[in-house]
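Student: sequence-free structure coming up:
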DNA sequence: CGCTAACCGAGACGGTACGTCCCGTCTTTAC
DNA sequence: GTAAAGACGGGACGTACCGTCTCGGTTAGCG
């Protein structure tokens, strides 16, 4: 049984988390300021510290509320089609979204903080799982070569999408998702 | 004509850059403190500000001095062998090295600062180029399938290596470099 | 007709006033914290604010309940003896008592707050009156020189007692009360 | 040898101490705010904390710079005249002066802080000493009764002056200094 | 004897000041 | 004449209380 939480608390928490995410996306992890979040959320600084131990705790919690769900956009079509669409969707989010603008903060934060590291792991595992299912299905119905190491394929797929965004100036073009899938999981 | 630079200045610059890199690797971008760098380098804070405009400027300059050269470790053997070795080397650096520990800082910094962004681009271009040469050579001598989109293959190769380090808890195992190459650039 | 006050209210008020006085004596006016008083009295903070407007109001009310009565300890003996005993008693209270430990708070508070100032006046007037009566009696029966300015004598007597406590490190020794009386009100 | 202090430091220190004294006189010890002192002195808060450990340290140091010198106003005339003048001067300062407005703060502070206690002792000892010299001189030349306990007389004199200011609403009238002296040190 | 209104504790709320740390600038001293 | 040392104004940190404000959960006493 969850302890009853007054509506006041819910309002504050919600407003603060939203504001924190905005702040994170706007000024980045380095310049992220709790006082600024408080101002954004029209809330006293102490209200934030009442609910979160410190800056990192707030940032971590914000991420939990930030991840946009990677719902497969289609549940019909060939496995290859659906996989491509999923990759395309991930690429779109990575190219530009609230979450995307927070990824650098997440990476930097996870380097030092266990809680962020944990969120990162859980979230990337989630991402991998949905891909894994599709690939397994595709192999079963003979659309993908069965000998492939699924794990590595997934890493290559997601890596390609993230690498452009994080390590070069030119993010991966979502429209080339199909090409990427065909490169890594060639038709038999 | 380059202005003559006193040896004293050179000593300071060197010590400061080394200290900055250490600091970056040790406490991360978020907690990076100029005053701490000054202490590490046994140098006055003002000496740092004499040579670099501000924190970011120093960090950016540190990176220029940080990148470990991706010299291909072998210049004989098949193109596939040499490519695998190169990927393995990159993976080793990414898994654990001074540079590796600074990547999160670089990503976070590049998000806001043009100079870091520029360094990031140049450096990733460098990385890509050496791979590109090897792949082109491999295609020419028939070790790789010629129809492949080299750019995308490179992105997938490097992405796989970086993705594990940055977005999950389990970095890419350098010993699986050959497997990765075979996955993305299958033998004809 | 006074509104009937539930025993609960009486219990709270009493416990709070006692706790406030303790707090005042223990940590002083500067560090006096309502939240700490609430904790001491095992009472909610709001219960305090229900009965007293603010910190000062509580402190002022505490004083009303704090002053130890200056009952003349003897009502027989010569006027000089009784005066000396009274001064001795005052000195003992000033040297060490709950009230004594609160005097600095009272002085500091009275400087800014009318209600504390009022309490201070009333209380010091009380003190003066009992001395005045004794002195008048002593003059009447010829124990004291009649020409003396009673007001000034009282001020000198009480001043000597308080000065040591408040402005120097060495409080007035109660055992020297008789000496003091003899100095200021010499026998004819 | 005192370490040379740059003129900048002197300017800050001076401005801050002045501002602190003003603040102390204006809002009292309880509401004394370092941030307010900083604003008054047009100085960064950190500049204050660079020179003084904390609030109390600043307050204590302010007092050292606050005490108005009790120079005997006359060095001719009878000992009784000069003593009266000195008492009158003390009374004037106690009735109304920057220092006077800070006395409650001093008393409250001294109750908890050793450094303030020390200042209070030193300062009151100074006051006593000048009176003692005059009284000793007066006794020698036969203006005062020789049998008097000088210490107690001084305590009564100063006590009378301070008692009105601190414990009642009506401070001692400086013009009655002579009367007071005659009461406590009657002519032979 | 049971209802209802006052009173209670708990503690969230927006604030303000604390004392700390570091920023990037500026001044002074000493080598 | 340059570099160290470090003071400067500024501003965010995380803490402690302020005085205000909902909340449910007793209690007490009247009906």
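Tutor: Nice, I can see it. Predicted model only: the values in this text are computed from it and were never measured. Numbering: from 1, shown residues only, chains lettered A, B, ... in the order given.
Student: drop to CA atoms for contacts and neighbour counts, all remaining ones
Tutor: Fine.
Student: So which residue is smack in the middle of chain A?
Tutor: Geometric centre of chain A, nearest residue: residue A:67, 4.9 Å, by CA atoms, centre = their mean.
Student: Show me what the helix or strand of chain A with the lowest mean pLDDT is packed against.
Tutor: Of all helical and strand segments in chain A, the minimum by mean pLDDT, DSSP states H and E falls on helix A:98-110, at a mean of 88. For helix A:98-110, the elements it packs on are helix A:7-31, helix A:79-95, helix A:114-140, helix B:7-31, helix B:98-110, judged by 3 or more CA pairs under 8 Å, 6 or more residues apart in numbering or on different chains; DSSP states H and E.
Student: Pick out the residue of chain A closest to chain B.
Tutor: When distances are taken as CA to the nearest CA, chain A reaches nearest to chain B at residue A:159, 3.8 Å away.
Student: Could I get the average pLDDT for the helix or strand containing that residue?
Tutor: Using DSSP states H and E, residue A:159 sits in helix A:150-167. What helix A:150-167 shows for mean pLDDT is 96.
Student: and whichever helix or strand comes after it, how far from the chain's centre?
Tutor: Using DSSP H and E, the helix or strand that follows helix A:150-167 towards the C-terminus is helix A:177-184. Counting by CA atoms, centre = their mean, to the nearest Å, helix A:177-184 is centred 21 Å from the centre of its parent chain.
Student: what packs against helix A:177-184?
Tutor: Helix A:177-184 packs on helix A:79-95, helix A:150-167, helix B:177-184, going by 3+ CA pairs under 8 Å, 6+ apart.
Student: rerun at 7 Å
Tutor: Applying 3 or more CA pairs under 7 Å, 6 or more residues apart in numbering or on different chains; DSSP states H and E, one finds that helix A:177-184 contacts helix A:79-95, helix B:177-184.
Student: which one of those is the most hemmed in?
Tutor: Of all the helices and strands packed on helix A:177-184, helix A:79-95 has the most neighbours on average by mean count of other CA atoms under 10 Å in any protein chain shown, namely a mean of 21.
Student: Can you name the residues in contact with that helix?
Tutor: With contact meaning CA atoms under 7 Å, 6 or more residues apart in numbering or on different chains, helix A:79-95 is reached by A:72-74, A:100, A:134, A:137-138, A:161-162, A:165, A:171-172, A:174-175, A:177-178, A:181.
Student: Name the SS class of residue A:144, please.
Tutor: coil (DSSP: H, G, I helix; E, B strand; the rest coil).
Student: who touches it in this structure?
Tutor: A:138, A:185, A:186, A:187, A:188.
Student: Name the nearest residue to the second one, ignoring sequence neighbours.
Tutor: Using CA to CA, 6 or more residues apart in numbering or on different chains and skipping residues adjacent in sequence, the residue nearest residue A:185 is residue A:144, 6.1 Å away.
Student: cool, and the third one?
Tutor: Setting aside the residues directly before and after it, residue A:186 is nearest to residue A:144 in space (CA to CA, 6+ apart), at 6.7 Å.
Student: same deal with residue A:124?
Tutor: Residue A:124 sits nearest to residue B:168 (CA to CA, 6+ apart), 6.0 Å away.
Student: neighbours of that neighbour, just the number please.
Tutor: 21 (other CA atoms under 10 Å in any protein chain shown).
Student: Next up, phi/psi of it, please.
Tutor: Per-residue torsions, residue B:168: phi -140, psi 180 (degrees, to the nearest 10).
Student: ok, residue A:140 to chain D distance?
Tutor: According to CA to the nearest CA, to the nearest Å, residue A:140 stands 68 Å off from chain D.
Student: Burial check on the residue nearest to that residue when sequence neighbours are not counted, number of neighbours?
Tutor: Counting by CA to CA, 6+ apart, residue A:146 is the residue found nearest to residue A:140 once chain neighbours are left out, at 7.8 Å. Residues lying near residue A:146 (other CA under 10 Å) number 16.
Student: Then residue A:187?
Tutor: Residue A:187 is flanked by 12 other residues according to other CA under 10 Å.
Student: next one: phi and psi at residue A:187?
Tutor: Dihedral pair for residue A:187: phi -60, psi 150, per degrees, to the nearest 10.
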